[in-house]
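J.: Provided below are the primary sequence and the corresponding predicted coordinates.
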Amino acid sequence: MDFNFSDEQNMLIDTLRTMGERENFKELAKKVDETGEFPWELLPKYADLGLLGMSLSEENGGGGQPVINTVLAIEELAKFSPMIAAPIFESNVGPVRVVDMFGTEEQKKAIIPKVAKGEYSVSVCMTEPEAGSDLTSLTTKAMSDGDHYILNGTKTFITGGGHASHYMVYCRVDDTPGYKGIGGLLVEKDTPGFSFGKQEVFMGLRGMPSCDLIFEDVKVPKENLIVKAGEFKNLMSTFDVERCGNAAMCLGTAGGALDAAKAYAQERSAFGRPICEFQAVQFMIVDMAMKLDAARLLVYRAATSAGRGFPSIYESAMAKCYANEMAVDVTGSAMQVFGGYGYSAEFPVERMARDARAWGVAGGTVQMLRITMASLLFGRRFDQRKGK
């Protein structure tokens, strides 16, 4: 097992770190949190650097890099804020990957080059008011009607809702019950009958667009079907890559909190000495570093094993689960190092602690991931439905 980065990966990290300092991403992160306005101005800059779609297939218009490079980029930028890293996440490990892996040649040519230029973005649409962890209970349905589907239903908590150009809608495309009737249909933003609910206001991740999607007799060409009924496993395979991105957001958020706590512990004095000279503070800092490094190893293992494809379900679930809980622990400890100032919005760790809470419910809760891992460890499926 090689724990060293390549020259290319070191250059990527240095470039993003320098960019963040040069363009004062710390101040931008504060502004985004205060205003709730997503930093759209970053997209052209990221596109020029080749970061958008960097790990999508080169032959389809992406950068052809391995997933681990995207994870490193997300981690480095999320040290400032997950909002600053979000365009890298969405354009590499988001639902556009479904198009890259399972779309037709026409679909790939129409979508991926424009995602890489920052002109298009694709949102994943899974959760419904009565179907979250129990995704196979979703009711949004696409009825066949000649050369089109007629789509009806409601999706909720959709990241990018109202702003993304395209939406990968998980829906029922035939009458087969359970997961076998679910497919993935790509819907364009301005399609008649497709509307958006109010933007959500969350505890953290302020600036991230999120709202309900409402489909009322939306006419979608059949050529927009990316994943057919019976291929639900393909949809979920790409979600394992997205989980690596989710975990990378946690690495970045926790890494930013650790850096801030270390700096503060050397600046802040008590009893006539910098507080970093007290063992109570040293122990907290070291525990934070140990947890972050342990999470890093799990996330890097899952991303490295993915190569340019998919990670193992077990490794991605374990990496996300541990990183989600680690980020909450580390940002909480960072607040404690800051003392009263850690509870103040004037200092970044307050925002980081709020942001950290999001990842353990997004992309599969830590409880559901544990059930997935238990199934793999025991070699049998544990159906959560009553009577099964």
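T.: On my side now, so go ahead. Just so you know, these numbers come straight off a predicted model, no measurement behind them.
J.: Give me the buried positions along stretch 42-55.
T.: Under the neighbour-count criterion of 16 or more other CB atoms under 10 Å, stretch 42-55 has 42-43, 46-47, 51-55 buried. In short, each C-beta sits where N, CA and C put it, glycine included.
J.: And for stretch 221-233?
T.: Residues of stretch 221-233 classed as buried by neighbour count (16+ other CB under 10 Å): 224-227, 229, 231-232.
J.: So which of these are in strands?
T.: If you go by DSSP state E, the buried residues of stretch 221-233 have 225-227 in strands.
J.: from those, which is closest to E90?
T.: Nearest to E90, judged by CB to CB, of these is I226 at 16.5 Å.
J.: Can you classify the nearest residue to that closest one once chain neighbours are set aside by secondary structure?
T.: Ranked by CB to CB, 6 or more residues apart in numbering and with sequence neighbours excluded, the top spatial neighbour of I226 is G184, at 4.6 Å. Secondary structure, DSSP: H, G, I helix; E, B strand; the rest coil: G184 is strand.
J.: residues touching G184, list them.
T.: 95, 98, 102, 168-171, 225-227, 235 (CB atoms under 8 Å, 6 or more residues apart in numbering).
J.: Return the closest of the residues you listed with respect to M318.
T.: Nearest to M318 among the contacts of G184: L235, at 21.0 Å, using CB to CB.
J.: pLDDT score for the spatially most central residue of the chain?
T.: The centre of the chain sits closest to N246, judged by CA atoms, centre = their mean, with a distance of 3.9 Å. You'll see N246 listed with a pLDDT of 97.
J.: and it, which of the three is it?
T.: N246 is classified as helix under three-state DSSP.
J.: So what does the nearest residue to it once chain neighbours are set aside look like in phi/psi?
T.: Once flanking residues are discounted, N246 sits nearest to G363: 4.4 Å by CB to CB, 6+ apart. When read as degrees, to the nearest 10, the backbone of G363 gives phi 70, psi 30.
J.: Repeat that for E216.
T.: As for E216, its main-chain torsions (degrees, to the nearest 10) stand at phi -130, psi 100.
J.: Quick check: the gap between the closest residue to it other than its chain neighbours and S165.
T.: Sequence neighbours aside, G193 is the residue nearest to E216 in space, at 4.7 Å (criterion: CB to CB, 6+ apart). G193 sits 17 Å away from S165, taking CB to CB, to the nearest Å as the criterion.
J.: ok, now which ones touch the residue nearest to E216?
T.: Taking CB under 8 Å, 6+ apart, we find G193 in contact with 151, 215-219.
J.: could you point out which element follows the helix or strand containing G332?
T.: G332 belongs to helix 313-338 when assigned by DSSP states H and E. Using DSSP H and E, the next helix or strand after helix 313-338 towards the C-terminus is helix 348-356.
J.: Which residues does that following helix contact?
T.: By CB under 8 Å, 6+ apart, the residues outside helix 348-356 that reach it are 26, 29-30, 33, 81-82, 203-205, 250, 253-254, 256-257, 260-261, 327-328, 330-332, 334-335, 338, 342-345.
J.: how close does the residue nearest to I226 get to G160?
T.: The gap separating G184 from G160 is 16 Å, by CB to CB.
J.: Show me where the stretch 101-250 of the chain has its strands.
T.: Under the criterion DSSP state E, counting those that start in this stretch, strands of the stretch 101-250 of the chain are mapped to 122-125, 141-145, 148-159, 166-172, 182-188, 194-196, 210-221, 225-227.
J.: Mind putting those into TSV with distance to A319 and mean pLDDT?
T.: Formatted as TSV, the strands of the stretch 101-250 of the chain follow (distance: least, CB to CB, whole Å; pLDDT from 0 to 100):
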stretch	distance to A319	mean pLDDT
strand 122-125	19	94
strand 141-145	33	95
strand 148-159	20	96
strand 166-172	23	96
strand 182-188	24	95
strand 194-196	33	98
strand 210-221	24	97
strand 225-227	24	93
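J.: For A303, find the nearest of these.
T.: strand 122-125 (18.9 Å).
J.: Strand partners (parallel or antiparallel) of that closest one?
T.: Strands that pair with strand 122-125, judged by DSSP bridges, come out as strand 166-172 (parallel).
J.: For the strand it pairs with, which outside residues touch it?
T.: Under the criterion CB under 8 Å, 6+ apart, residues 95, 98-99, 111, 120-126, 135, 138-142, 151, 153, 155, 158, 181-189, 213, 215, 226, 229, 235 lie in contact with strand 166-172.
J.: Swap in 7 Å and give it another go.
T.: For strand 166-172, contacts defined as CB atoms under 7 Å, 6 or more residues apart in numbering pick out 95, 98, 111, 120, 122-126, 138, 140-142, 151, 153, 155, 181-189, 213, 226, 235.
J.: Contact partners for P95?
T.: Residues counted as contacts of P95 (CB under 7 Å, 6+ apart) are 122-124, 168.
J.: To clarify, my last question referred to K109.
T.: Not one residue lies near K109 by CB under 7 Å, 6+ apart.
J.: Same check on A254?
T.: By CB under 7 Å, 6+ apart, the contact set of A254 is 292, 326-327, 330-331.
J.: how about the helices in the chain?
T.: For the chain, helices defined by DSSP state H occupy the ranges 7-22, 25-35, 42-48, 67-78, 82-92, 96-102, 105-116, 232-267, 279-306, 313-338, 348-356, 366-378.
J.: C-alpha coordinates for the fifth one, PDB please?
T.: In this case it means helix 82-92. Extracted C-alpha coordinates of helix 82-92, given in PDB (Å, rounded to 0.1, in the frame of the first residue of the first chain):
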ATOM      1  CA  PRO A  82     -18.200  22.900   1.600                       C
ATOM      2  CA  MET A  83     -19.800  25.600  -0.600                       C
ATOM      3  CA  ILE A  84     -16.500  26.400  -2.100                       C
ATOM      4  CA  ALA A  85     -15.900  22.700  -2.800                       C
ATOM      5  CA  ALA A  86     -19.400  22.000  -4.000                       C
ATOM      6  CA  PRO A  87     -18.900  22.600  -7.800                       C
ATOM      7  CA  ILE A  88     -16.100  20.000  -7.800                       C
ATOM      8  CA  PHE A  89     -18.400  17.600  -5.900                       C
ATOM      9  CA  GLU A  90     -21.400  18.000  -8.200                       C
ATOM     10  CA  SER A  91     -19.400  17.900 -11.400                       C
ATOM     11  CA  ASN A  92     -17.500  14.700 -10.600                       C
END
